[in-house]
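Trainee: Pasting the sequence and the predicted model now:
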Amino acid sequence: GDSVTQMEGPVTLSEEAFLTINCTYTATGYPSLFWYVQYPGEGLQLLLKATKADDKGSNKGFEATYRKETTSFHLEKGSVQVSDSAVYFCALSDLGDTGGFKTIFGAGTRLFVKA
Amino acid sequence: DTGVSQDPRHKITKRGQNVTFRCDPISEHNRLYWYRQTLGQGPEFLTYFQNEAQLEKSRLLSDRFSAERPKGSFSTLEIQRTEQGDSAMYLCASSRSGGVYEQYFGPGTRLTVT
């Protein structure tokens, strides 16, 4: 079945450091890919998405490129801020067994950014 | 847009009891999703509705779990004969249909089975 694997955390960085959070997936179909973020005390919210190969999703300085050849969707940011401290979830959305959509999430990667 | 709401926010129940949770999606959204999330894990897909039709259900969902969306608006998730392993955060999300749209998540219902 479909699955999402992302790097384990926590990831601890100093402010203005470069961030990469790795995400790879397996899927039987041709999924859409997402990064969701959960800030402390808040609900999940979409950070960015990509719907086809070589698409680049971007938002708030974060970027991720849909790489079909390596089945990856790594999240990057050139200069993190303390306010980026959160849990980041990689996810895919694909057609399920009965024709409806299902969304599969990775386990999440907690990011701590130190001032 | 008032967001996705869930009720109750917290539920403590004894093993063997039945519980029911409610989700009110964003009004113009006709897709609705239920997830379960345990500590340190990502949301686990449970089921998905397009309007009132339940189009997808996880194989992990036992027969003790049932979900409804009778008029294509709010949805309920019922767990019968709760077990301690059912303790988790139950999340609801909604989205528009017709393409790949982001899901808007509710605050969740935290279930504790004692």
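Mentor: Looks like it arrived, so ask away.

Trainee: Chain A versus B:Leu55, what's the distance?
Mentor: When distances are taken as CB to the nearest CB, to the nearest Å, B:Leu55 and chain A turn out to be 3 Å apart. Yep, even glycine has a C-beta here, placed from its N, CA and C like the rest.

Trainee: is it fair to say that residue lies in a strand?
Mentor: Yes. The assignment for B:Leu55 (DSSP: H, G, I helix; E, B strand; the rest coil) places it in a strand.

Trainee: neighbours of it, just the number please.
Mentor: The criterion is other CB atoms under 10 Å in any protein chain shown. On that basis, B:Leu55 has 17 neighbouring residues.

Trainee: didn't it look like it was pressed against B:Arg31?
Mentor: No. The pair B:Leu55 and B:Arg31 does not pass the contact test of CB atoms under 8 Å, sitting 9.0 Å apart.

Trainee: For chain B, which residues are neighbours of chain A?
Mentor: Taking CB under 8 Å from any CB of the partner chain as the contact definition, chain B meets chain A at B:31, B:33, B:35, B:40-45, B:48, B:50, B:55-58, B:91, B:93, B:100, B:102-108.

Trainee: quick one: low-confidence ranges for chain A?
Mentor: Under the criterion of pLDDT under 70, the regions of chain A flagged as low confidence span A:97-100.

Trainee: Find the residues that touch each one of B:Leu55 and B:Arg31.
Mentor: Listed as contacting both B:Leu55 and B:Arg31 by CB atoms under 8 Å, 6 or more residues apart in numbering or on different chains are A:101, B:48-49.

Trainee: for these, which one is nearest B:Thr76?
Mentor: In terms of CB to CB, no member of the shared contacts of B:Leu55 and B:Arg31 lies closer to B:Thr76 than B:Phe49, at 11.1 Å.

Trainee: Fine, thanks again, bye for now.
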